[in-house]
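*Asks:* with the input below, show me the fold.
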Amino acid sequence: MKGTRLLVAVATLSLLASFGGGAPSRAMETGVFGEPGSSFPLKRILRASDAETGDVFGNSVSVSGNVAIVGAYWEDGGAGGTLIDPGAAYIFLRNRTGVDQWGQAMKLTASDAQSQDWFGESVSVSGNYAIVGASLESGGGGDPLSGAGAAYVFWRDQGGPSNWGEVQKLTAPDADAGDRFGRSVAIHGNTAIVGAYKEGGGPADPADEAGAAYVFQNVSGYGWLPIKILRASDLQATDQFGVSVAIFGDIAIVGAHHVPGGPGDLIPDAGAAYIFERNQDGTNNWGQVAKLVAQDPGPSDYFGSSVAISGKLAVVGAPGEDGGPGDPFLVAGAAYVFENLSGSVWAQISKLTASDAEAGSQLGTSVSISGGVTMVGVYRDDGGPGDPLPQAGAAYVFMRHLGGPNAWGQAKKLTAPDAASGDAFGRAVAISGKNAVVGALGEDGGVGDPINSPGAAYVFYVSLLEAFKAN
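*Replies:* Now for the predicted structure:
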């Protein structure tokens with residue numbers, strides 16, 4: 001039943017509700033893949049040690065240095081599991097079984113797991129901390145609030161060296177049924193942010209699904225404390241602020257993909273993203289400093305469906321964008337790069353589109369950025385000329401200064417070496433330094449595809465020098 005449901009979900013996945021301990025995996029391919037001299041060789045294919053049909057491992061991914069985390073929000077608890085879709089997330093370490101050999105170090109589950117919590121819907125890792133969202137969690141003991149949501153923080157040495165134990169369950173201080181807190185999560189250092197894209201706009205919830213995001217700080221001796229609820233300065237009902245979040249140092253970005261655009265808000269679902277700074281208007285106040293919109297907004301672009309930030313650069317995905325001037329490719333998708341030029345001034349400096357853009361691809365469903373390199377997922381890509389593999393998926397790597405000073409040129413199109421129809425490779429992407437991870441929630445289990453859609457994630461090595469030489 002789950003396998004059938006997944007095939008339907010991957011085929012019809014809507015922009016309106018998109019997703020952002022154990023032994024080494026039994027089904028993890030080894031070695032270096034890709035063409036000789038490739039600037040982005042595939043180093044490893046990651047699979048869960050207890051992979052089962054319909055787990056959708058790879059629906060969310062994050063990487064920080066030599067640590068990666070992969071979500072599987074329909075995981076049922078392993079062989080003989082009695083819960084339906086409580087979800088799980090898996091920690092992988094780069095040198096676990098040898099140099100450059102990524103191995104599974106831990107399977108993470110919620111301490112209070114219940115059916116259909118969707119733990120692993122969103123994941124993020126930074127240093128020794130990881131956070132996992134479960135947006136359908138129903139409010140703790142007795143589950144009084146259906147779909148209020150939760151997020152769980154894990155620490156590398158909790159419960160023993162390298163144990164990755166749960167240290168705290170985070171919930172919204174103003175939790176309400178259906179808020180979907182945990183739809184998106186991000187963590188950096190001692191600060192975390194959690195999106196609740198269906199939150200109703202504050203006290204008395206005057207604006208249905210306006211959305212909110214919650215900032216937590218790790219305070220010594222007190223744990224992770226909620227310090228600020230973020231809302232858009234121009235919030236309206238159904239904006240779904242918090243559908244995506246990212247944080248880097250003292251700056252956070254929150255996507256709101258249903259925000260109407262243009263003068264008078266006459267462009268439905270054009271989308272927006274909002275920048276917040278830690279000390280804006282007061283210490284630890286996390287005040288809004290900018291609202292980001294595309295220079296060429298269009299109806300149903302869903303700008304803000306995905307967001308990422310690194311230093312003074314941010315990237316925002318718009319998977320419904322129609323292909324640039326003249327909009328030649330319906331829902332081809334795009335991503336937009338912004339730079340903090342001075343103070344609170346953020347300006348669009350580039351629009352990223354695929355060199356082989358096609359209608360319906362939805363480039364920008366996922367985005368990630370690390371320094372001058374950004375990765376953009378296009379999970380509905382059909383496999384190249386002739387479109388032989390419907391929704392096999394791809395991811396594009398863009399680099400700053402490639403093609404000219406401050407230009408953002410396409411350096412590589414990444415695809416899976418074992419690509420198959422419906423894999424949805426690119427549904428999630430993450431990049432950190434020289435490591436990049438791409439999730440493929442519909443992948444069918446390796447050689448011969450023996451298991452229907454357990455999912456996989458692919459680790460690539462990023463060689464900037466080779467990319468420049470190749471271009």
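*Asks:* any low-confidence regions in the stretch 51-200 of the chain?
*Replies:* Residues of the stretch 51-200 of the chain meeting the criterion pLDDT under 70: 78-81, 140.
*Asks:* the strands in it, which residues?
*Replies:* For the stretch 51-200 of the chain, strands defined by DSSP state E, counting those that start in this stretch occupy the ranges 60-64, 67-72, 88-93, 103-108, 122-126, 129-134, 150-155, 165-170, 181-188, 191-196.
*Asks:* the ones you listed into TSV, with extra columns for distance to A252 and mean neighbour count?
*Replies:* Just so you know, the C-beta spots here come from the backbone N, C-alpha and C atoms, and that holds for glycine as well. Listed next are the strands of the stretch 51-200 of the chain as TSV, based on distance: least, C-beta to C-beta, whole Å; neighbours: other C-beta atoms under 10 Å:
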stretch	distance to A252	mean neighbour count
strand 60-64	16	28
strand 67-72	20	30
strand 88-93	22	26
strand 103-108	24	21
strand 122-126	12	28
strand 129-134	14	29
strand 150-155	15	24
strand 165-170	16	17
strand 181-188	8	29
strand 191-196	5	29
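*Asks:* just put those strands in a markdown table and tack on distance to R47.
*Replies:* Output for the strands of the stretch 51-200 of the chain, formatted as a markdown table (distance: least, C-beta to C-beta, whole Å):
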| stretch | distance to R47 |
| --- | --- |
| strand 60-64 | 13 |
| strand 67-72 | 9 |
| strand 88-93 | 9 |
| strand 103-108 | 9 |
| strand 122-126 | 16 |
| strand 129-134 | 19 |
| strand 150-155 | 21 |
| strand 165-170 | 23 |
| strand 181-188 | 23 |
| strand 191-196 | 28 |
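*Asks:* nearest to Q348, out of those strands?
*Replies:* Of all these, it is strand 181-188 that lies closest to Q348, at 21.8 Å by C-beta to C-beta.
*Asks:* from the chain's centre, how far out does that closest one sit?
*Replies:* In terms of C-alpha atoms, centre = their mean, to the nearest Å, the centre of strand 181-188 is found 9 Å from the chain centre.
*Asks:* stretch 289-299 now?
*Replies:* Distance of stretch 289-299 from its chain centroid, counting by C-alpha atoms, centre = their mean, is 20 Å.
*Asks:* so for that stretch, what gets flagged as buried?
*Replies:* By 16 or more other C-beta atoms under 10 Å, the buried positions in stretch 289-299 come out as 289-290, 292-294, 296-298.
*Asks:* thinking again about what came up before, so for P454, which of the strands of the stretch 51-200 of the chain sits nearest?
*Replies:* Distance to P454, taken as C-beta to C-beta, is lowest for strand 67-72 among those, at 8.0 Å.
*Asks:* rewinding a little: among the buried residues of stretch 289-299, name the ones in helices.
*Replies:* Of the buried residues of stretch 289-299, none are assigned to helices by DSSP state H.
*Asks:* ok, these vs W346, which is closest?
*Replies:* Of all the buried residues of stretch 289-299, W346 sits closest to A290, with 4.5 Å by C-beta to C-beta.
*Asks:* can you pull the pLDDT of the closest one?
*Replies:* pLDDT, A290: 97.
*Asks:* so where's the stretch 351-471 of the chain uncertain?
*Replies:* Scanning the stretch 351-471 of the chain with the threshold set as pLDDT under 70 gives 384, 464-471.
*Asks:* let me see the ranges of the strands in it.
*Replies:* 366-370, 373-378, 394-400, 408-414, 425-432, 435-440, 456-461.
*Asks:* give me the contact list for the second one.
*Replies:* When contacts are taken as C-beta atoms under 8 Å, 6 or more residues apart in numbering, the neighbours of strand 373-378 outside the stretch itself are 306, 308, 313, 315, 317, 333, 335, 337, 352, 354, 361-369, 393-400, 408, 411, 414, 426-431, 436, 438, 462, 464.
*Asks:* make a PyMOL selection of the buried ones in the residues you listed.
*Replies:* Applied in PyMOL, the following selects the buried portion of those according to 16+ other C-beta under 10 Å:
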select buried, resi 306+308+313+315+317+333+335+337+352+354+361+362+363+364+365+366+367+368+369+393+394+395+396+397+398+399+400+408+411+414+426+427+428+429+430+431+436+438+462+464
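*Asks:* neighbours of the closest residue to A318 other than its chain neighbours, how many?
*Replies:* Residue nearest to A318 in three dimensions, not counting chain neighbours: F303, with 3.9 Å by C-beta to C-beta, 6 or more residues apart in numbering. Residues contacting F303 under the criterion other C-beta atoms under 10 Å number 32.
*Asks:* and if you look at G201?
*Replies:* Other residues lying near G201 total 20 when counted by other C-beta under 10 Å.
*Asks:* quick one: it and A237 touch, right?
*Replies:* Yes - with contact defined as C-beta atoms under 8 Å, G201 reaches A237; the gap is 7.3 Å.
*Asks:* need the overlap of contacts for the two.
*Replies:* Listed as contacting both G201 and A237 by C-beta under 8 Å, 6+ apart are 207-208, 210.
*Asks:* so how far is Q158 from G223?
*Replies:* As judged by C-beta to C-beta, to the nearest Å, G223 and Q158 stand 12 Å apart.
*Asks:* shared neighbours, these two?
*Replies:* Listed as contacting both G223 and Q158 by C-beta under 8 Å, 6+ apart are V167.
*Asks:* the residue lying closest to D157 once chain neighbours are set aside and G142, how far apart?
*Replies:* Closest residue in space to D157, ignoring its immediate chain neighbours: N163 at 6.4 Å, by C-beta to C-beta, 6+ apart. When distance is defined by C-beta to C-beta, N163 is 29 Å away from G142.
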